[in-house]
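# structure for this input, please:
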Amino acid sequence: MYQEIVNYTNKHHVTLIAVSKTKPVEEITKLYDQGQRIFGENKVQELVLKYEALPKDIQWHLIGHLQSNKVKYIAPFVAMIESVDSFDLLKIIDKEAIKSKKIIPVLLQFHIATEETKFGLDMSEAKGMLDILKINPLSGVEIRGVMGMASFTDDIDQVRREFKSLKDIFTLLKKEYFSTKSTFCEISMGMSGDYKEAIAEGSTMVRIGSAIFGSKS
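Now for the predicted structure:
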């Protein structure tokens, strides 16, 4: 299944993030040996342990909700933080990135699903933040695009509408705030059950776990 997904994402020029949360180092190593280099984790503690145990050319993406007080543990090595859902969090990532003498790529997470439990910005919050950053930019972070999670539903039309809404958000932000920034180019959406629909709606990154590793930990 892994190779089938690799072939599909490569064909569409989409980055595959293998979601390795709850999976042991041995399973991640098997995928690494097949050429996978980008992995996504939800929890900081688990991410730190895996970073220490695995090859250092792995690019680690933090894809879960990130608490401000835990940014410092991953700032020195994280390749991307996909789940920036507040201005306060962005400012803390910036501060920790500067301490680590690096620039951390981030994605702005938007709430596009019907479930209330999903984290994420709305458009007014994002615009308010970006208006401030126009005047007072941050030097330790680089906003590369947007991320979102569709509703957990069998209604594929609803899922596609939600993916389309994230693509529309990306397009609007690109036009209004990032028109001169070629690095603002990522739309991270789509998981094991809906990555093909996400790609059809414009995804540039898919986060796939169970379809690669299986659903059991």
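
# all strands of this structure, in order?
Secondary structure of the chain, counting by DSSP state E: strands at 15-19, 38-41, 59-62, 80-84, 104-110, 141-148, 186-188, 205-208.

# could I get the pLDDT score of residue 217?
The model reports residue 217 with a pLDDT of 46.

# residue farthest from the centroid of this protein?
Computed with C-alpha atoms, centre = their mean, the residue of the chain farthest from its C-alpha average is residue 135, at 26.0 Å.

# so residue 48 versus residue 62, what's the distance?
Per C-beta to C-beta, to the nearest Å, residue 48 is found 11 Å from residue 62. (C-beta placed from N, C-alpha, C; glycine too.)

# which neighbours do those two share?
Shared contacts of residue 48 and residue 62, defined by C-beta atoms under 8 Å, 6 or more residues apart in numbering, are found at residue 74.

# what about these two, which has more around it?
Taking neighbours as other C-beta atoms under 10 Å, residue 48 and residue 62 compare with residue 62 leading, 25 against 18.

# for the more buried one, give me the pLDDT.
At residue 62, pLDDT is 98.

# excluding chain neighbours, what is closest to it?
residue 81 (4.8 Å; C-beta to C-beta, 6 or more residues apart in numbering).

# list the contacts of that neighbour.
Here residue 81 is in contact with 61, 62, 66, 74, 93, 104, 105, 106, 107 (criterion: C-beta under 8 Å, 6+ apart).

# mind checking how far the closest residue to residue 77 other than its chain neighbours is from residue 41?
Among residues not flanking residue 77 along the chain, residue 51 sits closest, at 5.6 Å (C-beta to C-beta, 6+ apart). With distances taken as C-beta to C-beta, residue 51 is found 9 Å from residue 41.

# any common contacting residues for these two?
Common contacts of residue 51 and residue 41, defined by C-beta under 8 Å, 6+ apart, comprise residue 60.

# those two: which is more packed in?
Neighbour totals were compared for residue 51 and residue 41, and residue 41 leads with 26 against 19 (other C-beta under 10 Å).
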